[in-house]
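Trainee: this one's structure only:
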Ligand SMILES: O=C(O)C1=C[C@@H](OP(=O)(O)O)[C@@H](O)[C@H](O)C1
Ligand SMILES: C=C(OP(=O)(O)O)C(=O)O
């Protein structure tokens, strides 16, 4: 992979009206459910980022015909619950935790073995959270002694439904078990310690599966058939978050982001930013493909530090790098606790963001399960993203309030979730330049 840095000039403002790329979580699920459905699934607004493309490649390797994606359109020719074919080699899922964890569930009951692997970051991430409950259902999955990938999934197993109270609030674990549950005898129920994104449940229902959810427990019956359909993928609120924060912190900014997903299991970032003083309007709320969507209007506003309520943490889990930048521009201290999950994402996002913020002159004190950020002057400087797309984009928008140039090193992974980020942000007014090393 080419090494890419961002060199971002200090100051500026964000103005304009744009769409952000398609939702990554929904895009993965379009391919997965489309592949095991009967008939064709057609989606618009599909994310052409590396993570979703890794899922596409995995299903192609298992014999599924997939046309596109081209300009956001993708057509998946479903093979039915039992139509996947053994891949010829390991499935390489790159940087994508969602691909690996959901596929572990989906592949646990296939009549063939599979090996799931990924890049160095993905091979460091904990996988027992899915392999252990899947084993309770009857699956056989081997991890490394550390509980990491490569995963060796032994097929030809009969699975039985379980009732599983999840120890961590994870949509990936929940989704893996529901997908395995499609193949299991009886009912599979997953109890959430706190609400997490419910895209799998919504899409299963739209595809005709007998699923029940919405009261803290998600259940699916085994053996149901899925029917392919048309899906409109909303814009990704997790990508929009960088622009929302950028416009909020930079005086003179005013942005409209059209067609962004505002599923209530994802909108923690809106609650947090508004509680800090941000001016974000949710306009023309509507539904697209079973998901709530709206246009977001945001303008510059002064921010104050807050204690982030713990119940908002799973609803904003991917947005914290951006939220920490907002905190760096706020009056006073912002305190986050109850977010130890951030330590096991593409990077340790608590350590990586604390280091990056300190690198530009901000006081940021990591806690075992969170961080304390004191708002202050952003000096500028050279920081390392740790190869994490969200750390890279967060630090790029921080330059809007910096006194000197911000160099963000190692930004190639931005292509996993937000292809074209630098070009779009530049068009809106960020002084960002991509440097290929
Ligand atoms: O289900 C999903 O699509 C996702 C769930 C979240 O992970 P966890 O389930 O590990 O919280 C999130 O961080 C990830 O980006 C996408
Ligand atoms: C955590 C993320 O993704 P994944 O778990 O799919 O790698 C993310 O996109 O922030």
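Mentor: Arrived safely. As the structure is a computational prediction, the values presented were derived from the model and not from experiment. Ligands and ions are numbered 1, 2, ... in the order given.

Trainee: which stretches of this protein aren't confidently modelled?
Mentor: Applying pLDDT under 70 to the chain flags residues 1.

Trainee: Return the residues of it in contact with ligand 2.
Mentor: 51, 96-98, 318, 345-346, 390, 417 (C-beta under 6 Å from any ligand atom). (Glycine included, C-beta is placed from N, CA and C.)

Trainee: Does the closest residue to ligand 1 within the stretch 1-150 of the chain fall in a helix, a strand, or a coil region?
Mentor: With distances taken as C-beta to the nearest ligand atom, the stretch 1-150 of the chain approaches ligand 1 most closely at residue 25, which sits 3.2 Å away. At residue 25, secondary structure determined by DSSP: H, G, I helix; E, B strand; the rest coil is helix.

Trainee: The residues of the chain next to ligand 2 in helices, which ones?
Mentor: Members of those lying in helices (criterion: DSSP state H): 51, 97-98, 390, 417.

Trainee: a markdown table please, covering these and showing neighbour count.
Mentor: As requested, these are arranged in a markdown table below (neighbours: other C-beta atoms under 10 Å):
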| residue | neighbour count |
| --- | --- |
| 51 | 24 |
| 97 | 21 |
| 98 | 22 |
| 390 | 29 |
| 417 | 26 |
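
Trainee: Would you map the helices across the stretch 251-400 of the chain?
Mentor: Using DSSP state H, counting those that start in this stretch, the helices found in the stretch 251-400 of the chain span residues 268-275, 320-328, 349-359, 389-398.

Trainee: close enough to count as contact, residue 108 and residue 156?
Mentor: No - using C-beta atoms under 8 Å, residue 108 is not in contact with residue 156; the gap is 10.7 Å.

Trainee: So for the two, which sits in the more crowded spot?
Mentor: Taking other C-beta atoms under 10 Å, residue 108 and residue 156 do not tie; residue 108 has more neighbours (29 against 10).

Trainee: Can you tell me, leaving aside adjacent residues, what's nearest to the more buried one?
Mentor: Distances taken as C-beta to C-beta, 6 or more residues apart in numbering put residue 139 closest to residue 108, at 3.7 Å, once the chain neighbours are dropped.

Trainee: pretty sure the one you found contacts residue 110?
Mentor: No - counting by C-beta under 8 Å, residue 139 sits too far from residue 110 to count as a contact (10.4 Å).

Trainee: Give the residues shared as contacts by the two.
Mentor: residue 153 (C-beta atoms under 8 Å, 6 or more residues apart in numbering).

Trainee: So between these two, which is more surrounded?
Mentor: Neighbour count, other C-beta under 10 Å: between residue 139 and residue 110, residue 139 has more, with 26 against 20.

Trainee: residue contacts, that one?
Mentor: Taking C-beta under 8 Å, 6+ apart, one finds 108-109, 131, 153-154, 157, 159, 180 in contact with residue 139.

Trainee: same question, residue 355
Mentor: Taking C-beta under 8 Å, 6+ apart, one finds 383-384 in contact with residue 355.

Trainee: Can you name the residues of the stretch 1-150 of the chain that neighbour ligand 1?
Mentor: By C-beta under 6 Å from any ligand atom, the residues of the stretch 1-150 of the chain that approach ligand 1 are 25, 98.

Trainee: Nearest to residue 374, out of the helices of the stretch 251-400 of the chain?
Mentor: Closest of these to residue 374 is helix 320-328, at 8.1 Å (criterion: C-beta to C-beta).
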